[in-house]
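Peer 1: Fold the following.
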Amino acid sequence: MKVGLFTLEVLRRACRQLKRDGFLERYPGAFLLAMGFLSAEVIRAHAGDDEGRDATTAINFKGKLRHDAMATHPLAGQAFFISPESDGDTGLTIGRGPDCELSVPERSVSEEHCRIEVTAEGVTAIDVGSTNGTTVNLERLEPMRPKVLADEDILTLGRYSFQLLSAA
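Peer 2: Got it, this is the predicted structure:
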């Protein structure tokens, strides 16, 4: 899977310069727009394990869910372009771990949290057994059961959210 990182300003400029058909030709995939944190209460924080890895922080969503504009994050406002590689690699792993294709430095995100697949059916999300779960539009996914995403769906890992935007 190919993952490219863009700022929104770079994408706006590309839209203006390339026009619709040129943009679709250059970016024949989808974008995951990093949105930021959902408000959540920490219910269990751990220092880590014997190997020096940080443990995943367990959370509980409280009250009305909303994105917390006061909590900034290094990824917020970044757009990740995802498209299959020509060698047939159609997936990427999102998580906190260094081996993930898309690494989210957030303790409520598991080391390997979610798998994204781009197939003929579209973009699919699969929770890989994470501590805090993966939701699509606030509906929790069952571990290891693929869910096809629609354009503009909100994908939340732990308390960190992305919005799926089709290039089309």
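
Peer 1: alpha carbons only for contacts and neighbour counts from here, please
Peer 2: Fine.

Peer 1: hang on, residue 162 packs against residue 36?
Peer 2: Yes: in this structure, residue 162 is within contact of residue 36 by C-alpha atoms under 8 Å, at 7.5 Å.

Peer 1: Which helix or strand contains the nearest residue to residue 135 once chain neighbours are set aside?
Peer 2: Using C-alpha to C-alpha, 6 or more residues apart in numbering and skipping the chain neighbours, the partner closest in space to residue 135 is residue 156 (5.1 Å). Assigned by DSSP states H and E, residue 156 belongs to strand 154-157.

Peer 1: partners of that strand, with directions?
Peer 2: strand 134-136 (antiparallel), strand 160-166 (antiparallel) (DSSP bridges).

Peer 1: Out of those strands, the one nearest residue 119 is which?
Peer 2: Each of the strands paired with strand 154-157 has some distance to residue 119 by C-alpha to C-alpha; the shortest is strand 160-166, at 13.5 Å.

Peer 1: Based on its surroundings, how many neighbours for residue 138?
Peer 2: Neighbours of residue 138 under the rule other C-alpha atoms under 10 Å: 12.

Peer 1: where does the protein dip in pLDDT?
Peer 2: Residues of the chain meeting the criterion pLDDT under 70: 1, 37-73, 86-87, 167-168.

Peer 1: Helices of that one, start to end?
Peer 2: Under the criterion DSSP state H, the chain carries helices at the ranges 8-26.

Peer 1: ok, back up a step: thinking the residue nearest to residue 135 is in contact with residue 138, fair?
Peer 2: Yes: counting by C-alpha under 8 Å, residue 156 touches residue 138, with 7.5 Å between them.

Peer 1: list the contacts for residue 92?
Peer 2: Counting by C-alpha atoms under 8 Å, 6 or more residues apart in numbering, residue 92 touches 1, 100-102, 115-117.

Peer 1: again, but for residue 8
Peer 2: Counting by C-alpha under 8 Å, 6+ apart, residue 8 touches 77-79.

Peer 1: Compare those and tell me which has the most neighbours.
Peer 2: residue 79 (25 neighbours).

Peer 1: Can you tell me how far that residue is from residue 109?
Peer 2: Distance of residue 79 to residue 109, computed by C-alpha to C-alpha, to the nearest Å: 18 Å.

Peer 1: show me where the chain has strands.
Peer 2: Ranges of strands within the chain are 2-7, 30-37, 41-44, 58-60, 78-83, 91-95, 102-103, 114-119, 122-127, 134-136, 139-140, 147-148, 154-157, 160-166, based on DSSP state E.
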